[in-house]
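Chemist: turn this into a structure:
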Amino acid sequence: MKTLVLAEHDNTAVKDATLATVSAAAKLGEVDLLVAGKGCGPAAEAAARIAGVGKVLVADDAAYEHQLPENLAPLIAGLMADRDAFLAPATTNGKNIAPRVAALLDVMQISEIVGIEGERTFTRPIYAGNAIATVESSDPKLVITVRGTAFDKAEAEGGSAAIEPVSGAGDSGLSTFEGSELAKSERPELTSAKVIVSGGRALKDGDTFKEIILPLADKLNAGVGASRAAVDAGYVPNDYQVGQTGKIVAPEVYIAIGISGAIQHLAGMKDSKVIIAINKDEDAPIFQVADVGLVGDLFKIVPELTAKL
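Modeler: Prediction:
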């Protein structure tokens, strides 16, 4: 089976979500990687070094500078003429583009796979991750989004793929890029952080959240997350949210502070390698998935822990 993977990149480097998607695609067969953008040559060179990639297709055009799905989807659909499966990371970008590709190919999309059982059989979570569905496709072409936390990342070095330029119809004229406001932080980005410290509604308010969570995160060089309850209460911005309706993460260590463990939150972090929970309620659901649990007052425990690091 010949596969095409959409690369997430910043024109310089390929993002971690792509590496996991390449690993998934390699289980199906040959892997071609599409790098689309403007001035994306350095990203294409980085993509060519990824282990397991056979060929890198580069679409360097102003029309693809901002990854507008109305421009990218026709390009991808055209490249699928001699390929069997298209895979994209289950990121905001991937989720925006893949459905349009599926519509152009007139096939059903298979979303957020976490396992590959056969050439056309996949597993994916349903009911907020409480059940795993096995899905078999009968479509002639496969369009798939991949949950990056479920697959090991391909090695970023060691490959020597050929780089080949490709072109599409260019600007479709259906949408225009107006601008973006990106949050800047010196801390690791949530989806790629090795350690994450998350806070819940028990932290009372935004100032207390910063006072308790941030010093510990600084000591551990960790990303900072939050439960939906903390975000809804206004403690932190939306981009901190971990969970079914936030970001799906799987760090080496996940520290949940004052988080009860609602199903929606667990769906976003339960694949973490080690889960540490701090909560005064010993019956909190978070302790059912925690590897290490501390029952007590977070306002005493966390400052003590921070001071000893």
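Chemist: the stretch 1-150 of the chain: strands as residue ranges?
Modeler: 2-6, 30-37, 55-60, 85-89, 109-113, 115-116, 121-126, 131-136, 142-146 (DSSP state E, counting those that start in this stretch).
Chemist: how about a markdown table for these, with mean pLDDT and mean neighbour count added?
Modeler: Any C-beta I mention is one placed from the backbone N, CA and C, and that applies to glycine too. Converted to a markdown table, those look like this (pLDDT from 0 to 100; neighbours: other C-beta atoms under 10 Å):
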| stretch | mean pLDDT | mean neighbour count |
| --- | --- | --- |
| strand 2-6 | 96 | 24 |
| strand 30-37 | 95 | 24 |
| strand 55-60 | 95 | 22 |
| strand 85-89 | 97 | 26 |
| strand 109-113 | 96 | 21 |
| strand 115-116 | 96 | 18 |
| strand 121-126 | 94 | 17 |
| strand 131-136 | 94 | 11 |
| strand 142-146 | 97 | 27 |
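Chemist: generate JSON lines for these, with distance to Leu305 as supplementary columns.
Modeler: Below are the strands of the stretch 1-150 of the chain laid out as JSON lines (distance: least, C-beta to C-beta, whole Å):
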{"stretch": "strand 2-6", "distance to Leu305": "41"}
{"stretch": "strand 30-37", "distance to Leu305": "42"}
{"stretch": "strand 55-60", "distance to Leu305": "45"}
{"stretch": "strand 85-89", "distance to Leu305": "34"}
{"stretch": "strand 109-113", "distance to Leu305": "34"}
{"stretch": "strand 115-116", "distance to Leu305": "36"}
{"stretch": "strand 121-126", "distance to Leu305": "32"}
{"stretch": "strand 131-136", "distance to Leu305": "35"}
{"stretch": "strand 142-146", "distance to Leu305": "35"}
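Chemist: surely Ser67 is in contact with Asn93?
Modeler: Not quite, residue 67 is Gln, not Ser. Yes. Contact criterion C-beta atoms under 8 Å: Gln67 and Asn93 qualify, at 5.7 Å.
Chemist: could you check how far the closest residue in space to Ala20 that isn't next to it in sequence is from Met80?
Modeler: Of all residues not flanking Ala20 in the chain, Gly148 sits nearest, at 3.8 Å (C-beta to C-beta, 6 or more residues apart in numbering). To Met80, Gly148 is 22 Å away according to C-beta to C-beta, to the nearest Å.
Chemist: which of those two has more residues huddled nearby?
Modeler: Legend: neighbour count by other C-beta atoms under 10 Å for Gly148 and Met80, higher for Gly148 (28 against 20).
Chemist: and the pLDDT for the more buried one?
Modeler: The score at Gly148 is 87. That number is its pLDDT.
Chemist: got a list of what it touches?
Modeler: By C-beta atoms under 8 Å, 6 or more residues apart in numbering, Gly148 lies in contact with 16-17, 20-21, 89-91, 191, 248.
Chemist: so Ala230 makes contact with Phe209?
Modeler: Yes. Assessed by C-beta under 8 Å, Ala230 is found in contact with Phe209 at 6.8 Å.
Chemist: shared neighbours, the two?
Modeler: 199, 203, 236.
Chemist: okay, buried residues for the lowest-mean-pLDDT helix or strand in the chain please.
Modeler: In the chain, the helix or strand scored least confidently by mean pLDDT, DSSP states H and E is helix 263-269, which has a mean of 92. Residues 264-269 are the ones in helix 263-269 that count as buried (16 or more other C-beta atoms under 10 Å).
Chemist: and which of those is nearest to Glu155?
Modeler: Within the buried residues of helix 263-269, the smallest distance to Glu155 is 25.4 Å, found for Met269 (C-beta to C-beta).
Chemist: wait, isn't that closest one in contact with Val253?
Modeler: No. Between Met269 and Val253 there is no contact under C-beta under 8 Å: 11.0 Å.
Chemist: look up phi and psi at Leu190.
Modeler: With angles defined as degrees, to the nearest 10, Leu190 sits at phi -50, psi -50.
Chemist: tell me who's in contact with it.
Modeler: By C-beta under 8 Å, 6+ apart, the contact list for Leu190 reads 196, 223-225, 239-240, 242, 247, 249.
Chemist: write a ChimeraX command that selects only the buried members of those residues.
Modeler: Those of those that count as buried under 16+ other C-beta under 10 Å are selected in ChimeraX with:
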select :196,223,224,225,240,242,247,249
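Chemist: all helices for this structure, in order.
Modeler: 16-26, 41-48, 69-79, 92-105, 206-220, 228-232, 263-269, 298-308 (DSSP state H).
Chemist: before we move on, back to that, out of the contacts of Leu190, the closest to Asp291 would be?
Modeler: Nearest to Asp291 among the contacts of Leu190: Ile196, at 14.2 Å, using C-beta to C-beta.
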